[in-house]
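> with the input below, show me the fold.
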Amino acid sequence: MDIRKTFLEWPVVRQLTGSDPLGRGAAVQSKRSRSLEPRTTTADRMVQSVCPYCAVGCGQRVFVRDERVVQIEGDPDSPISRGRLCPKGSASEQLVNSPRRATTMLYRRPRSTSWERIGVEQATDMIADRMVESRRKRWQDTDEHGRPLRRTMGIASLGGATLDNEENYLIKKLFTALGAIQIENQARI
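Now for the predicted structure:
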């Protein structure tokens, strides 16, 4: 198959001799690009979401086909981002579809050199048990003068910028309820 173009098929020639002198339409389209169709038109449904990267909370439209995310775009109905996304937000489809995405819990036993897969229930129970034990061991009910403290210095939280405002709000409430006073977020540092 000969893929060489003739002089008359060059986009600049089509632009100058056709009905598209500014090169914003048919003059710049190839046969292949004319046959393409947006991934959004082939989606089964669209789900509104919030970008997971920072605390701004930009709105996203997530397009799904066959229970798989096929495209993510800015949500024009969002009062925060009005349809715009930063480069990270635009590429967040890769968070879901990356073949390197972690989908199982990994645990490395003390002094072990390898990781083992464990269930979500087991991992959750291990984390909860350790938090309760750390809170109990480091609990400070009062100071040396008898003034109430009701806090623990055995638990701290450092949130990340991939959490949205709602997630950070709930984490702050959880750690405050546990008595932690060392609560910080990477986005604020």
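> show residues contacting the lengthiest helix in the chain.
Longest helix in the chain, counting residues (DSSP state H): helix 120-137. Applying C-beta atoms under 8 Å, 6 or more residues apart in numbering, the contact partners of helix 120-137 are M105, Y107, T152, G154, I155, L178, G179. Where you see a C-beta, it was placed from the backbone N, CA and C, and this is true even at glycine.
> let's see 10 Å
104-107, 117-119, 151-156, 174-175, 178-180 (C-beta atoms under 10 Å, 6 or more residues apart in numbering).
> which strands and helices sit next to the helix or strand following it?
Using DSSP states H and E, the next helix or strand after helix 120-137 towards the C-terminus is strand 139-142. Counting contacts by 3 or more C-beta pairs under 10 Å, 6 or more residues apart in numbering; DSSP states H and E, strand 139-142 packs against strand 148-159.
> by contact count, what packs against the helix or strand following the strand it packs on?
Next along the chain after strand 148-159, taking DSSP H and E as the criterion, comes helix 165-177. Helices and strands touching helix 165-177, as assessed by 3+ C-beta pairs under 10 Å, 6+ apart, comprise strand 45-50, strand 148-159, strand 180-185.
> quick check: domain ranges of the protein?
1-36, 39-97, 132-189 (automatic domain parsing).
> quick one: mean pLDDT for the longest one?
What domain 39-97 shows for mean pLDDT is 88.
> that one: how far from the chain's middle?
Centroid displacement of domain 39-97 relative to its chain, using C-alpha atoms, centre = their mean, to the nearest Å, is 10 Å.
> that older thread, could you flag which of the contacts of helix 120-137 are buried?
Among the contacts of helix 120-137, those classed as buried by 16 or more other C-beta atoms under 10 Å are M105, R151, T152, M153, G154, I155, F175, L178, G179, A180.
> where does the nearest residue to the fifth one once chain neighbours are set aside fall, phi/psi-wise?
Spelled out, that is G154. Ranked by C-beta to C-beta, 6 or more residues apart in numbering and with sequence neighbours excluded, the top spatial neighbour of G154 is R138, at 2.9 Å. The phi and psi values for R138, taken as degrees, to the nearest 10, are phi -110, psi 20.
> to G59, which of the helices and strands packed on helix 165-177 lies closest?
strand 45-50 (6.5 Å; C-beta to C-beta).
> so what touches the next helix or strand after that closest one?
Going down the chain from strand 45-50, the next helix or strand is strand 59-65, by DSSP H and E. With contacts defined as C-beta under 10 Å, 6+ apart, strand 59-65 is touched by 38-52, 69-85, 89-90, 92-93, 96.
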